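Enquirer: would you be able to build a 3D model of this:
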Amino acid sequence: MDQMFEVVSDVDNYYKFLPWCKKSIVLTKTPDNLKADLIIGFPPINESYTSNVTLVRPHLVKAECMDGKLFEHMLTLWRFSPGLKREQKSCVVDFQITFEFRSALHSHLSNLFFDQVARQMEGAFIKEVGRRYGPATMQPRNLLLNNNALKS
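Expert: Okay, the predicted model is just below:
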């Protein structure tokens, strides 16, 4: 749980491991909040926005778009809770994202690729946890996606 929180809250390094994140700069930081400028790119489009990130160690990372240039609204929630008792380093991750782009073009593209982008983002965070802390002791499993149960 702590390891997932550390990686998800490490906004300064998003550009190093997140697909489509071209730049990530933390402007201000306190133990429970940070403000960051992010540039995301889906070739040939690069866009920037400012994010206000709330941190509740080790349970929650909440990011909200502040400037409204790219998004009408955008909210990302990561919730972490203890996993299996027999797997001490396991945790349950609840990842939710809601957004509306200002641009009709961006909205159309996001509708076409949303599931793929969400899976790749989630996979990038899991891969980064493995790179920093070593391989997982069990395989990640999706319990729900878009409120639909997945078959294993």
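Enquirer: the helix or strand hosting residue 95: which residues count as buried?
Expert: Element membership for residue 95, per DSSP states H and E: strand 91-101. In terms of neighbour count (16 or more other C-beta atoms under 10 Å), strand 91-101 has its buried residues at 91, 93, 95, 99, 101. Any C-beta I mention is one placed from the backbone N, CA and C, and that applies to glycine too.
Enquirer: what of stretch 32-48?
Expert: 34-38, 40, 47.
Enquirer: tabulate the CA atom coordinates of it in CSV.
Expert: C-alpha atoms of stretch 32-48 as CSV (Å, rounded to 0.1, in the frame of the first residue of the first chain):
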residue,chain,number,x,y,z
ASP,A,32,-0.8,16.8,2.2
ASN,A,33,-1.0,18.8,-1.1
LEU,A,34,0.9,19.7,-4.2
LYS,A,35,0.4,21.8,-7.3
ALA,A,36,1.9,20.6,-10.6
ASP,A,37,2.1,21.5,-14.3
LEU,A,38,1.8,18.6,-16.6
ILE,A,39,2.2,18.3,-20.4
ILE,A,40,0.6,15.4,-22.0
GLY,A,41,1.0,14.4,-25.6
PHE,A,42,-1.0,12.1,-27.9
PRO,A,43,0.9,12.8,-31.1
PRO,A,44,0.5,15.1,-32.8
ILE,A,45,-1.2,16.9,-29.9
ASN,A,46,0.6,18.2,-26.8
GLU,A,47,-1.4,20.0,-24.1
SER,A,48,-0.6,21.4,-20.7
